[in-house]
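Enquirer: turn this into a structure:
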Amino acid sequence: MNLTSIRTVKALLERHGLRADKRFGQNFLVEAGYLNRIVEAVGFTPGERVYEVGPGLGTLTGALAEAGAQVVSVEMDRRLEAVHAETLVGLPVQTIWGDALEFDWGSVPEGGLFAGNLPYNIATPLITKLLISGRFRRIVVLVQKEVALRMTALPGTADYGLLSLRVQYHSTARRLFDLPPGAFFPAPKVTSSVVRLEGRPTPDNPALFRLIEAAFGQRRKTLINALKTAGYDPQKVSAALERMNLSPQVRGEALSLEQFQSLLSAIL
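Expert: Down below sits the predicted model:
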């Protein structure tokens, strides 16, 4: 079914007595050109499995399946079951009805692919879970532009923080393109962006991310004071910063991933 016009989407929703639900962060992508670019960015071969979250009406789901993907889609809104029976009929799509944040992403076969127009309200925790799982070689997500900027931010910038470092630790990230509000129905109040993450096999390091989270927990404080508040030994932190040729007044936002790793090694 062609869902790349607002008229068609409106008619579909009306036929099923539905409307977009803000609780699920639903803004349905209706521009064919953007759909095609997302499918191309995923880079699957025909017959390959692609995991998806937040299929909504099945717009991106259908585009992936029609291009040859075997789609496994996780959707929380059971109201859409009858819609999928209409929009995805005959396509190689398996829908898992449940909360994507509760799904066992560690069960995905290694080297998997992911694509999704993510609900705005779960984008950051879901991306974090996908990365920690270590199961995906490529993740392509459509998110709010502000989230995309945080995902790809560099040290010393306002957007740089815990999410930036999580993304850097597990992947190589690139913001591919932006989408205007008019590409969606209903139109959100913000610009959106597509980000591609090329994963690499990096085991999770909880101690490192506890340190990073503490460093950004109080951004206005110096790194020494922020870590002291979180229970780290300020004398060890101060000595480590001196050995790293960093000022005792430095803040967490100035440190690269490699510097945080060196700091952790020095204070353990």
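
Enquirer: which residues touch residue 183?
Expert: 29, 30, 31, 34, 192 (CB atoms under 8 Å, 6 or more residues apart in numbering). (Glycine included, C-beta is placed from N, CA and C.)

Enquirer: what sits against the first one?
Expert: Residues in contact with residue 29, defined by CB under 8 Å, 6+ apart, are 35, 56, 59, 60, 117, 142, 179, 183, 184.

Enquirer: swap the cut-off to 6 Å and go again
Expert: 59, 117, 184 (CB atoms under 6 Å, 6 or more residues apart in numbering).

Enquirer: and the gap between it and residue 54?
Expert: Noted for residue 29: a distance of 10 Å to residue 54, by CB to CB, to the nearest Å.

Enquirer: mutual contacts of the two, please.
Expert: Common neighbours of residue 29 and residue 54 (CB under 6 Å, 6+ apart) are residue 117.

Enquirer: circling back to that earlier point, okay, and which of the contacts of residue 183 map to strands?
Expert: Among the contacts of residue 183, DSSP state E puts 29, 192 in strands.

Enquirer: with pLDDT and distance to residue 137 as extra columns, can I get the contacts of residue 183 in a markdown table?
Expert: Formatted as a markdown table, the contacts of residue 183 follow (pLDDT from 0 to 100; distance: CB to CB, whole Å):
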| residue | pLDDT | distance to residue 137 |
| --- | --- | --- |
| 29 | 84 | 24 |
| 30 | 81 | 29 |
| 31 | 85 | 27 |
| 34 | 94 | 23 |
| 192 | 96 | 24 |
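
Enquirer: most neighbours among the contacts of residue 183, which one?
Expert: residue 192 (25 neighbours; other CB atoms under 10 Å).

Enquirer: give the closest residue to it in space, chain neighbours not counted.
Expert: If the residues on either side of it in the chain are set aside, residue 192 comes closest to residue 179, at 4.5 Å by CB to CB, 6 or more residues apart in numbering.

Enquirer: count of neighbours near the one you found?
Expert: 21.

Enquirer: show me where the stretch 151-268 of the chain has its strands.
Expert: Using DSSP state E, counting those that start in this stretch, the strands of the stretch 151-268 of the chain run over residues 171-179, 184-185, 192-199.

Enquirer: just flag the most distant two among the contacts of residue 183.
Expert: The span of the contacts of residue 183, defined through CB to CB, is set by 30 and 192 at 12.7 Å.

Enquirer: which pLDDT value goes with residue 150?
Expert: Looking at residue 150, its pLDDT reads 98.

Enquirer: to clarify, my last question referred to residue 32.
Expert: Value listed for residue 32 in the pLDDT field: 87.

Enquirer: over to residue 186?
Expert: At residue 186, pLDDT is 81.

Enquirer: most remote residue from the chain's center?
Expert: The centre of the chain is farthest from one residue, residue 235, which by CA atoms, centre = their mean lies 36.7 Å away.

Enquirer: distance of that residue relative to residue 96?
Expert: 50 Å.

Enquirer: can you list contacts of the host helix or strand of residue 86?
Expert: Under the criterion of DSSP states H and E, residue 86 resides in helix 81-87. Residues from elsewhere that reach helix 81-87 (CB under 6 Å, 6+ apart): 1, 16, 57, 58, 95.

Enquirer: would you confirm that the third one contacts residue 28?
Expert: Yes: counting by CB atoms under 6 Å, residue 57 sits close enough to residue 28 to count as a contact (5.4 Å).

Enquirer: comparing the two, which residue is more hemmed in?
Expert: residue 57 (27 against 22).

Enquirer: for that one, what are phi and psi?
Expert: Dihedral angles of residue 57 (phi, psi; degrees, to the nearest 10) stand at phi -80, psi -10.

Enquirer: so residue 236 makes contact with residue 267?
Expert: Yes: using CB under 6 Å, residue 236 is in contact with residue 267, at 4.4 Å.

Enquirer: quick one, helices of the chain?
Expert: For the chain, the helices defined by DSSP state H occupy 6-15, 32-42, 59-66, 81-87, 123-133, 145-151, 162-170, 206-217, 223-229, 234-243, 257-267.

Enquirer: so which of those helices is nearest residue 74?
Expert: Comparing the helices of the chain by CB to CB, helix 123-133 comes nearest, at 9.6 Å.
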